[in-house]
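Visitor: can you look at this prediction? I've put the sequence above it.
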Amino acid sequence: MLQLFVNRQRELQFLKEHYKSKLSELVVIYGRRRVGKTELTLRFASDKPHIYFFADQRPETELIQELKQQMSIYLRDESFAKLAVKNWIDLFNEFTKWNKNTRPLIIIDEFPVLIEANRAVPSIFQKIWDQNLKNTSTMLILLGSSIAMMENEVLNYKSPLYGRRTAQWKLEPLKICHLKPFFPNYNFETLVQVYACLGGVPAYLQKFDPEKGFWENVQQKILTKGEFLYEEAEFLLREELREPRNYAIILKAIAQEAQTHGEILNKTSVDKSMLSKYASVLEDLGFIKRTHPIGITPKPRKSQYSIADNYLNFWFKYVFPNKTELEAGNSKNVLSKIKQDYTVYLGHGFEEIAAELLTEMKKNQKLPFDFTSIGKWWFKNNEIDLIAIDEEKQTATFIETKWSNLNTTDCQRILQKLKDKAQHFRWERKKENYVVVAKYIKEKEQLTKQGQFVFDLDDFEVLLQNIDG
């Protein structure tokens with residue numbers, strides 16, 4: 001299958017600028033698994049002499065020998081591979097002596113694996129940088145999928161490597177506005193369905209066949225035993241966690257709309273004293289996130305949990321609870337259940353999709369209002385899907401999202417109800433706006449002429465035509 005490379009121009013330019021500096025560069029790139037870190041760096045390095053080294057679970061001595069072999073190939077000197085080196089420091093000492101190239105580019109993939117095997121690795125690489133690489137023109141790129149370990153062991157001020165890095169970039173999944181190159185024949189409504197199911201991880205998007213329909217892909221690629229997307233969620237948990245079962249139970253509860261600490265406890269058998277610890281680990285891994293109501297300072301203690309990745313959310317909502325049927329090959333029955341519920345599922349997920357799309361419209365100056373932050377708000381029995389705040393102009397825009405088809409009467413009713421709820425939002429503002437975002441709005445032009453702010457998928461589809469992949 002052709003490997004698509006979509007919407008990473010900023011990241012590529014970032015790497016190119018640091019490479020052009022001709023100074024020593026220690027660049028840290030991190031982000032969740034499958035997000036495209038390796039593809040990005042190899043694409044950047046493709047036209048440059050470079051060393052690419054992947055750290056796996058082999059003993060450290062074997063990994064040192066492997067990197068020595070890669071250095072030998074880079075130096076075009078087989079005798080380098082025959083050198084006797086005892087450790088990482090010896091290896092880089094020798095490489096610095098032997099290297100005659102003006103700009104060595106060294107990529108170490110999955111740096112956290114080295115740290116897990118030897119907790120002294122950050123200190124070791126600090127010495128390597130200070131003694132060997134800092135005063136050369138070397139560009140060293142450290143990649144990592146363990147977000148918590150990269151932030152704590154590499155980027156944190158307590159890390160021995162703190163202050164050595166010259167640049168860092170957290171690589172995020174793609175947004176919904178970048179899905180069209182993967183599925184050129186899908187309309188925007190179908191792209192929303194795909195995004196709510198797979199999110200923006202390129203490795204997941206490429207598993208779907210763009211020549212097949214959405215539901216056919218779901219059945220064949222997610223609900224079929226042995227397929228990558230059928231196994232991937234459990235692989236991620238086993239790879240990252242020592243007690244995957246407890247974490248899986250928590251993720252299932254959150255996928256089934258348990259949002260608070262108490263609601264998760266009620267839906268699981270997890271020990272009360274351990275739940276905060278488990279949730280913190282999942283948050284560090286980027287699997288879940290905590291949301292506080294926007295516009296409240298300081299942030300209240302009570303927050304809402306949600307699964308941060310759409311694929312994991314879909315998997316724990318629909319695959320995990322139906323594993324018995326799926327293991328028996330009854331994917332058609334499970335697919336039928338999903339189809340019956342998917343409109344409701346999209347309704348819950350449409351808030352974040354709408355926030356993404358409105359943010360993209362703002363960037364492209366396609367909105368009649370501006371904002372500096374956007375998020376959900378709730379207080380007691382009142383809840384507003386999204387509030388977009390412009391702190392500088394003291395403007396609050398209240399937004400209701402509906403994954404449904406609306407007419408003029410529906411919109412007017414929703415806007416009035418939104419105005420009533422907005423009275424409970426305690427944030428000083430000079431101006432207020434009210435917005436409805438829906439799947440489709442009939443007679444939208446009439447509402448717009450009346451000064452109402454309404455958007456549907458047609459507006460977003462027009463926007464996509466002006467966004468480069």
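Guide: Sure, I can see it. Because the structure is a prediction, the values reported are computed rather than measured. Numbers count the residues shown, from 1 in each chain.
Visitor: rest of the way, CA atoms for contacts and neighbours
Guide: Noted.
Visitor: give the rounded mean pLDDT of the lengthiest helix in the chain.
Guide: Criterion DSSP state H: the longest helix present in the chain is helix 331-363. Averaging pLDDT along helix 331-363 yields 95.
Visitor: ok, now stretch 64-81?
Guide: Averaged over stretch 64-81, pLDDT sits at 96.
Visitor: what's whichever strand or helix holds Leu63 packed up against?
Guide: Using DSSP states H and E, Leu63 maps to helix 60-75. Packing partners of helix 60-75 (3 or more Cα pairs under 8 Å, 6 or more residues apart in numbering; DSSP states H and E): strand 51-54, helix 88-98.
Visitor: buried ones in the shortest one?
Guide: The neighbour-count criterion (16 or more other Cα atoms under 10 Å) identifies Ile51, Tyr52, Phe53 as the buried residues of strand 51-54.
Visitor: over to the last one?
Guide: Taking 16+ other Cα under 10 Å as the neighbour-count basis, helix 88-98 is seen to contain the buried residues Trp88, Ile89, Leu91, Phe92, Glu94, Phe95.
Visitor: equivalent analysis for stretch 30-40, please.
Guide: Of all the residues in stretch 30-40, those buried under the rule 16+ other Cα under 10 Å are Tyr30, Gly31, Arg32, Arg33, Val35, Gly36, Lys37, Thr38, Leu40.
Visitor: as CSV, the helices and strands packed on helix 60-75 with distance to Gly295 would be great.
Guide: As requested, the helices and strands packed on helix 60-75 are arranged in CSV below (distance: least, Cα to Cα, whole Å):
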stretch, distance to Gly295
strand 51-54, 44
helix 88-98, 50
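Visitor: quick one, which of those gets closest to Ala258.
Guide: strand 51-54 (38.7 Å; Cα to Cα).
Visitor: then the closest one to CSV, C-alphas only?
Guide: Provided in CSV are the C-alpha atoms of strand 51-54 (Å, rounded to 0.1, in the frame of the first residue of the first chain):
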residue,chain,number,x,y,z
ILE,A,51,22.4,7.1,10.6
TYR,A,52,19.1,5.6,11.7
PHE,A,53,19.1,3.4,14.7
PHE,A,54,16.0,1.7,16.3
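Visitor: so what touches it?
Guide: Strand 51-54 is contacted from outside by Glu66, Leu67, Gln70, Met71, Tyr74, Pro104, Leu105, Ile106, Ile107, Ile108, Asp109, Glu110, using Cα atoms under 8 Å, 6 or more residues apart in numbering.
Visitor: TSV for the helices and strands packed on helix 60-75, including mean pLDDT and distance to Asp390?
Guide: Putting the helices and strands packed on helix 60-75 into TSV (pLDDT from 0 to 100; distance: least, Cα to Cα, whole Å) gives the following:
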stretch	mean pLDDT	distance to Asp390
strand 51-54	98	45
helix 88-98	96	51
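Visitor: for Glu234, find the nearest of the ones you listed.
Guide: strand 51-54 (22.9 Å).
Visitor: what residues are up against the spatially most central residue of the chain?
Guide: Nearest residue to the geometric centre of the chain (Cα atoms, centre = their mean): Pro173, 3.9 Å. Residues in contact with Pro173, defined by Cα under 8 Å, 6+ apart, are Val35, Gly199, Gly200, Val201, Pro202.
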